[in-house]
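**Student:** heads up, no residue letters with this:
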């Protein structure tokens, strides 16, 4: 069977097929860049010669669009106020209930409890920091505000997760939905929050509810993205193996994809929470209470000291929430490792 | 190979799978004359399966062998429609599997088949026990029942005591045992093994092959086994299909493949396998030249030997079962003593060679023997004979062919 190879074959790979010979001028990249920029300048000068410099846009499309949006939101407010009133009522009740619980718990228990969680989830250093920092917040007289802010954040995050998980699942399952959702999520994250604070007030009135609404809009995108990513990242080998035993789509989602996406979803919750904390002061602009209100009041009265204390209290909450949720996500990630030791 | 006809379990007819714009219900007509590269360049499509047809009988281990990209993994996935074939037919127990509704397909996967994957595909967030019970869980079996059954199969694959660990704390070989246990848990008639041992290191791989063979002896499942390793194919397979560029180029028993490779492609594979361990005695034996029945007279035995020019003769029972042999000298003495039958001087000096033994195995027993050696089948019937020197020669020839082709 051994056929003698022709002698010229040495086993080395042959030279790659040579690139087709270039025609015309041979230029290096600096010469090419100079030529391109020069071309632009010439074209610009020529265009300015034809239309004149400082040419104006025919700007008459903006006002009608703005009018249409104004009318639409007014119509919605007028005709569907009962829907938004109901939503506002439910959210407000939940918020007040949560706040009253946080304030009802004696503060040493609360501080100790958070310290315990930080110790179990992170480390004793983190526990020590949490307790000292929370005590400091209490001693500066910001305890009730801090609890109100915590309640606001919890409500916003709970609503965000309730919205994000189903949307994330849909985006993971369908490329079309993903493509439709993507620009909206980009918009929600980059749109200045003042833009949706106005309709938020029109729909929900002044107070905590429009602040929560605005917070959810700003903070929900990472939770949606990371839920979708987590589901899409489940290795196809595992999905295929699960399917080969006759799983339904529902079983696949609930027993394989969601459990394996949990670390990613947790990372999303962490980011959502951090972004919600960043909205605390903005929320105060539409009437939300808590630390945001304290900071805003200090701003209006030119009291940098009070503003700093309120700001530091927000930072304390953010650090504790961040470290604890991250540690939790990491723990879940460890549990899902597929490689052998 | 074993002669009796087992019922047909699976039948694949003209199966095509084309990825890309050329896919359509008429691929057979459009692509029949085109090569793989032509389809790739002109139609921007990939032919993963090209007109594959084969039958698998009940209880058989049918191996599909080929290099990566030859379509073997696509083929096994088409069997349970993890990949939808472009055209063709698949019948399992007479049912047209491709015509199933979604519910029927799920039921088929749950009850009829169990699959093992090269990269295990275990659920990392579940224990070994719950992984093994996966198939039963999706069927909706109550927890206690499915766990009891999962324990049984884990014991079968030697993983008792590991049931509460997570897959990540197990070695590769043990993880694949979990994969095997999961496939066996619902006691399916058909096992689909997609390169089950390829990700394991060679020693573990040999062990697992051996254990699979043992399990298979007890279970008698119908197995479709995918591999890229001909030595493995020969070890575990009753029949082997060799694939190239999506087409099946040869189907045959291990010996048929080894001794009659259909083309250079197949011959290339066979070079890496030691022939002496594959080719069986049955393949090179000759018809027995002389034999007498044990109740024949010594006179008849002498005459038979003289007629054949032989100095010994095999002696069989009336049904043809091998009893032993008698030399010309012994037969003549027996004749002088006046024995009634040749039975008396029969000398069973040598345990006969089994037809299904490989040349190497046979030689290990027959090394110190001389002349013609008897060959018997599974039930002890004398079916042939082989010269010891022919065995030695065959073994050396095999080695020589291998040496020359390296």
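**Tutor:** Structure received. None of these values were measured; they are calculated from a predicted model.
**Student:** Tell me which residue of chain B lies closest to chain A.
**Tutor:** Among the residues of chain B, residue B:121 lies closest to chain A, at 2.6 Å counting by Cβ to the nearest Cβ. To be clear about C-beta, it is placed using only N, CA and C from the backbone, and glycine gets the same treatment.
**Student:** now residue A:106: how far from residue A:113?
**Tutor:** 10 Å (Cβ to Cβ, to the nearest Å).
**Student:** neighbour-wise, which of those two wins?
**Tutor:** Remark: of residue A:106 and residue A:113, residue A:113 carries more neighbours, 12 against 9, as counted by other Cβ atoms under 10 Å in any protein chain shown.
**Student:** circling back: chain neighbours aside, what residue packs nearest to the residue of chain B closest to chain A?
**Tutor:** Leaving aside its chain neighbours, residue B:121 sits nearest to residue A:241 (2.6 Å; criterion: Cβ to Cβ, 6 or more residues apart in numbering or on different chains).
**Student:** and the one you found, how many residues sit next to it?
**Tutor:** Per other Cβ under 10 Å, the neighbour tally for residue A:241 reads 27.
**Student:** can you check residue A:194 too?
**Tutor:** 11.
**Student:** contacting residues for it?
**Tutor:** Shown in contact with residue A:194 (Cβ atoms under 8 Å, 6 or more residues apart in numbering or on different chains): A:282, A:285.
**Student:** if you set the cut-off to 10 Å instead, what comes out?
**Tutor:** Neighbour list for residue A:194: A:214, A:282, A:285-286 [criterion: Cβ atoms under 10 Å, 6 or more residues apart in numbering or on different chains].
**Student:** show me the contacts for the residue of the stretch 151-300 of chain A found nearest chain B.
**Tutor:** Minimum separation of the stretch 151-300 of chain A from chain B (Cβ to the nearest Cβ) falls at residue A:241, amounting to 2.6 Å. Shown in contact with residue A:241 (Cβ under 10 Å, 6+ apart): A:235, A:247, A:256, B:82, B:115-117, B:119-123, B:131, B:134, B:179, B:182-183, B:194.
**Student:** among those residues, which are in helices?
**Tutor:** Secondary structure defined by DSSP state H assigns B:131, B:134, B:179, B:182-183 of the contacts of residue A:241 to helices.
**Student:** Now do the contacts for residue B:7.
**Tutor:** B:57-59, B:93-94, B:222.
**Student:** again, 8 Å this time
**Tutor:** Neighbouring residues of residue B:7 by Cβ under 8 Å, 6+ apart: B:57-58.
**Student:** List phi and psi for it.
**Tutor:** phi -70, psi 150 (degrees, to the nearest 10).
**Student:** sorry, back to before: can you add distance to residue A:183, neighbour count and pLDDT and give the ones in helices among the contacts of residue A:241 back as JSON lines?
**Tutor:** Shown next, in JSON lines, are the ones in helices among the contacts of residue A:241 (distance: Cβ to Cβ, whole Å; neighbours: other Cβ atoms under 10 Å in any protein chain shown; pLDDT from 0 to 100):
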{"residue": "B:131", "distance to residue A:183": "41", "neighbour count": "28", "pLDDT": "92"}
{"residue": "B:134", "distance to residue A:183": "39", "neighbour count": "28", "pLDDT": "92"}
{"residue": "B:179", "distance to residue A:183": "42", "neighbour count": "26", "pLDDT": "92"}
{"residue": "B:182", "distance to residue A:183": "43", "neighbour count": "32", "pLDDT": "92"}
{"residue": "B:183", "distance to residue A:183": "45", "neighbour count": "28", "pLDDT": "92"}
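**Student:** So which of these reach chain A?
**Tutor:** Among the ones in helices among the contacts of residue A:241, the ones lying near chain A by Cβ under 8 Å from any Cβ of the partner chain are B:134, B:179, B:182.
**Student:** Tell me the one of those nearest residue A:126?
**Tutor:** Minimum distance to residue A:126 across those is 38.3 Å, recorded for residue B:134 (Cβ to Cβ).
**Student:** Okay, buried residues for the host helix or strand of residue A:241 please.
**Tutor:** Element membership for residue A:241, per DSSP states H and E: helix A:236-244. Neighbour-count burial for helix A:236-244, counted by 16 or more other Cβ atoms under 10 Å in any protein chain shown, picks out A:238-244.
**Student:** Just want the most central residue of the chain.
**Tutor:** I went with chain A, as the question did not name one. residue A:222 (3.1 Å; Cα atoms, centre = their mean).
**Student:** Chain B is the one I meant
**Tutor:** Centre-most residue of chain B, counting by Cα atoms, centre = their mean: residue B:237, 1.5 Å.
**Student:** Distance-wise, check residue A:40 relative to chain B.
**Tutor:** Distance, residue A:40 to chain B, using Cβ to the nearest Cβ, to the nearest Å: 38 Å.
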